[in-house]
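Peer 1: 3D model of this:
(2 chains)
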Amino acid sequence: MMTNIDFINVFGSFDVWILAKLFVVFTLAIYVVFAAIVIRQVFFLVSAINAGFSWLLKLIAFLHFLGAIFVLILAIIIL
Amino acid sequence: MPEEVYKSPDTPEEIKGGPVSSEDKQGLSRLKEETGIKNILEDIIYSPSKIRFEIQGENEQIVLFLRRHWVTNIHWIIGTVILILAPIVLGYLPILNFLPLRYQLMGLILWYLFVTAFVFEQFLSWFFNVYIVTNERIIDYDFFNLLYKDIKQADLEKVQDVSAKVGGLARVFFDFGDVLVETAGALPNLEFEAVPDPEGVANLIHDIRSRLVNHGENV
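Peer 2: A predicted model of the protein is given here:
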């Protein structure tokens, strides 16, 4: 049976920054999914109403998606 | 912002003028011909030649293309400026100094990613929530959340009444308000929210409808 002392020792040896890194990477992974949905959304909107410079909106959506992937990789490397 | 090109009709014959003629502009004080990207960002576009929508008929022509008045974007633009400046202001406060530098840097990047997404979503919401008046019908495009759209439409012949509502200091000052299009029977009423020059828009819809019903003219 685990005593209070054992419990503290387990968590005392745990690196809190690993937990922080997992949290950031998880958040960014969700953000990458969101950025992919934004691309889908822009295509959906542009197909509904072609109100000019559709290519620019698509480009921004793609750059946003690539930026999110880049930041996710950066977080995995530097954290 | 767009300069005034308002031309008031002098005679009833002028109102019954030819297709998409200058006479159609009666009551609209801020109409411009579409010429390029700048005008694509306008909140009111008259007879746009480059804009198409998915349910547009083969012979259907857009007479009026409307978005919410540009002033309605001010709140999120101010919010964005505050969000952009927040890390700079917080940089003077030592509240995040307990974090390692790499985490501070990642926090900053994350913050600006979210700001980018916020700005893009707000812009898309303004850009694609539009009201379209064609020579056959009136269409209200609403986009909610990410992938849900609601299209309300009414044939011009089914329109019973069109009224404009302007209230509040900002709306009076910048000349924007709501246009309510009441339709016959069980059809839903359409409401153009915060559109520029609501009285002019209401007059134009009323005239197109009158012409269609009374004279059978196609605008």
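
Peer 1: and residue B:191, helix, strand or coil?
Peer 2: Using DSSP: H, G, I helix; E, B strand; the rest coil, the three-state assignment for residue B:191 comes out as strand.

Peer 1: residues near it, how many?
Peer 2: Each residue near residue B:191 was counted by other Cβ atoms under 10 Å in any protein chain shown, and the total is 15. (Each C-beta comes from the backbone N, C-alpha and C, glycine too.)

Peer 1: do the same with residue A:72
Peer 2: Residues within reach of residue A:72, counting by other Cβ under 10 Å, total 18.

Peer 1: What of residue B:82?
Peer 2: Number of residues near residue B:82 (other Cβ under 10 Å) recorded here: 11.

Peer 1: so which strand or helix has it?
Peer 2: helix B:74-91 (DSSP states H and E).

Peer 1: following the lowest-mean-pLDDT helix or strand in chain A, which helix or strand shows up next?
Peer 2: When the helices and strands of chain A are scored by mean pLDDT, DSSP states H and E, helix A:4-12 comes last with a mean of 56. On the C-terminal side of helix A:4-12, the closest following helix or strand by DSSP H and E is helix A:16-48.

Peer 1: Say whether chain A is contacted by the helix holding residue B:82.
Peer 2: No - with Cβ under 8 Å from any Cβ of the partner chain as the criterion, chain A is not reached by helix B:74-91; the gap is at least 15.2 Å.

Peer 1: So which elements touch that helix?
Peer 2: Helices and strands touching helix B:74-91, by 3 or more Cβ pairs under 8 Å, 6 or more residues apart in numbering or on different chains; DSSP states H and E, are helix B:101-128.

Peer 1: Against which helices or strands is the helix it packs on packed?
Peer 2: Checking 3+ Cβ pairs under 8 Å, 6+ apart, helix B:101-128 ends up next to helix A:16-48, helix A:54-78, helix B:74-91, strand B:137-144.

Peer 1: Got the phi and psi for the residue nearest in space to the middle of chain B?
Peer 2: With distances taken as Cα atoms, centre = their mean, residue B:67 lies nearest the centre of chain B, 0.4 Å away. Main-chain dihedrals, residue B:67, degrees, to the nearest 10: phi -130, psi 170.

Peer 1: quick one on the thing from earlier: from the helices and strands packed on helix B:101-128, which stretch is densest packed?
Peer 2: strand B:137-144 (a mean of 19; mean count of other Cβ atoms under 10 Å in any protein chain shown).

Peer 1: ok, residue B:71 - how many residues close by?
Peer 2: 17.

Peer 1: Equivalent analysis for residue B:169, please.
Peer 2: 7.

Peer 1: What of residue B:53?
Peer 2: As a burial measure, residue B:53 scores 19 neighbours (other Cβ under 10 Å).

Peer 1: Would you pull up the residue in chain A closest to chain B?
Peer 2: At 3.5 Å from chain B, residue A:52 is the closest residue in chain A, using Cβ to the nearest Cβ.

Peer 1: How about the contacts made by the most centrally placed residue in chain A?
Peer 2: Central residue of chain A (Cα atoms, centre = their mean): residue A:28, 1.6 Å from the mean position. Contacts for residue A:28 (Cβ atoms under 8 Å, 6 or more residues apart in numbering or on different chains) come out as A:68, A:71-72, A:75, B:110.

Peer 1: Just read off the phi/psi values of residue B:60.
Peer 2: In terms of degrees, to the nearest 10, the main-chain angles of residue B:60 are phi -90, psi 130.

Peer 1: Please report the distance of the residue lying closest to it once chain neighbours are set aside from residue B:213.
Peer 2: Distances taken as Cβ to Cβ, 6 or more residues apart in numbering or on different chains place residue B:134 nearest to residue B:60, at 4.9 Å, with adjacent residues excluded. Separation of residue B:134 from residue B:213 (Cβ to Cβ, to the nearest Å): 16 Å.

Peer 1: Tell me which residue lies farthest from the centre of chain B.
Peer 2: Largest centroid distance in chain B under Cα atoms, centre = their mean is residue B:98 at 47.1 Å.

Peer 1: gap between that residue and chain A?
Peer 2: The spacing between residue B:98 and chain A, counted by Cβ to the nearest Cβ, to the nearest Å, is 11 Å.
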